[in-house]
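Enquirer: structure for this input, please:
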Amino acid sequence: MASLWIVTPAHGRLGLTSIVFEQRARLCDELIRRGIDANCVVVACDENLELADEFGFASVERDNEWLGMRFNDGYQAAARLGVDYVMPCGSDSFLDPSYFDDLPSQPDSTIKLSRWYSVYPAAGDRRGEIYVKAPIGVSFTIPTTLLEPFGYRPCENAIKKGCDTSTFRTITRPRRSSDWSLVEREGHPLEIVGFHTNSETQISSYHKLVRRWGVREVTEQPFDALRAVYPTDLVDRVVDYYAEGATG
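Expert: Take a look at the predicted model:
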């Protein structure tokens, strides 16, 4: 059975994070039923550590100054316990279990990349479906063996954004193309869903994402499609969260 840790830096936004962590816990349970030993590691310095404990996640305490440092802490914690794969993912995102259907049971040197992403703005009044054509896509799963030459810390420590790009460049640039491979998922627009808030810590602008990579915007009943992929009770909680102002 392959093992997977989802690496999640978190800070504040406890109302949203509690919903996301509930979905993440159900995701891990479903993946275990499907033959993947899945868990999440939360890297934080606030009440998110307590939330991680409530849901049975691993955790690493680290201050909120550098996002790169926090991702590296999560990667390293997973690797030290012999985890086969890591995936970076924020504390504001749902993940569809089918995202991991094609994860090899025996890790090799393949990076699995996704380009589809759906995102909600702080108002929660629409859903943007985007397809990221940049080399790194929107997210990826990485065999931890590819991180070993870098002490399992492939991201530049002292950065606050661009962590996926930094990680990808570290892994791929020093190596011959025969030493690693990249496989793109077919995917679907709802396999990763991000819920933006009006928090000052939001890294990516909804409008910039949609302007650059947008495929379409759904403005009529933008949450309805989620109920076909994710548990209805959790989607309802997200709807309530936005109705209350999406502030924390």
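Enquirer: note down every partner strand of the helix or strand of the chain with the lowest mean pLDDT and its orientation.
Expert: For the chain, the helix or strand with the lowest mean confidence is strand 181-184, at a mean of 88 (criterion: mean pLDDT, DSSP states H and E). Strand 181-184 has the following strand partners under DSSP bridges: strand 110-114 (parallel).
Enquirer: contacts for the least confident helix or strand of the chain next, please.
Expert: 102, 108-115, 137 (C-beta atoms under 8 Å, 6 or more residues apart in numbering). (Glycine included, C-beta is placed from N, CA and C.)
Enquirer: list only those of these flagged as buried.
Expert: 110-115, 137 (16 or more other C-beta atoms under 10 Å).
Enquirer: tabulate these (a markdown table), appending pLDDT.
Expert: Shown next, in a markdown table, are the buried ones among the contacts of strand 181-184 (pLDDT from 0 to 100):
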| residue | pLDDT |
| --- | --- |
| 110 | 90 |
| 111 | 92 |
| 112 | 92 |
| 113 | 92 |
| 114 | 94 |
| 115 | 95 |
| 137 | 91 |
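Enquirer: in space, what's closest to residue 101 - neighbours in sequence excluded?
Expert: residue 34 (7.6 Å; C-beta to C-beta, 6 or more residues apart in numbering).
Enquirer: so who does the one you found touch?
Expert: With contacts defined as C-beta under 8 Å, 6+ apart, the neighbours of residue 34 are 97, 100-101.
Enquirer: please check those residues and keep the buried ones.
Expert: 97, 100.
Enquirer: of the contacts of residue 34, closest to residue 78?
Expert: residue 100 (15.2 Å; C-beta to C-beta).
Enquirer: list the contacts of residue 40.
Expert: Residues near residue 40 by C-beta under 8 Å, 6+ apart: 5-8, 21, 24-25, 28, 52, 55, 57-58.
Enquirer: for this protein, just list every one of the helices.
Expert: 14-33, 48-54, 67-80, 163-172, 206-213, 232-243 (DSSP state H).
Enquirer: surely residue 128 touches residue 190?
Expert: No: judged on C-beta atoms under 8 Å, residue 128 makes no contact with residue 190 at a distance of 11.9 Å.
Enquirer: kindly state the pLDDT recorded for the most centrally placed residue in the chain?
Expert: Against the mean C-alpha coordinate of the chain, by C-alpha atoms, centre = their mean, the closest residue is residue 89 at 1.6 Å. Per-residue confidence (pLDDT) for residue 89: 97.
Enquirer: counting neighbours, what do you get for the closest residue in space to it that isn't next to it in sequence?
Expert: If the residues on either side of it in the chain are set aside, residue 89 comes closest to residue 6, at 5.1 Å by C-beta to C-beta, 6+ apart. Per other C-beta atoms under 10 Å, the neighbour tally for residue 6 reads 25.
Enquirer: and residue 11, by the same measure?
Expert: 19.
Enquirer: phi first, then psi, for the closest residue to it other than its chain neighbours.
Expert: Closest residue to residue 11 apart from its sequence neighbours, by C-beta to C-beta, 6+ apart: residue 64 at 4.6 Å. Residue 64 adopts backbone torsions of phi -90, psi 10, taken as degrees, to the nearest 10.
Enquirer: wait, what's in contact with residue 64?
Expert: By C-beta under 8 Å, 6+ apart, the neighbours of residue 64 are 11, 44-46, 70.
Enquirer: possible to save the residues you listed as TSV with pLDDT and distance to residue 240?
Expert: Converted to TSV, the contacts of residue 64 look like this (pLDDT from 0 to 100; distance: C-beta to C-beta, whole Å):
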residue	pLDDT	distance to residue 240
11	94	22
44	98	24
45	97	28
46	97	23
70	98	29
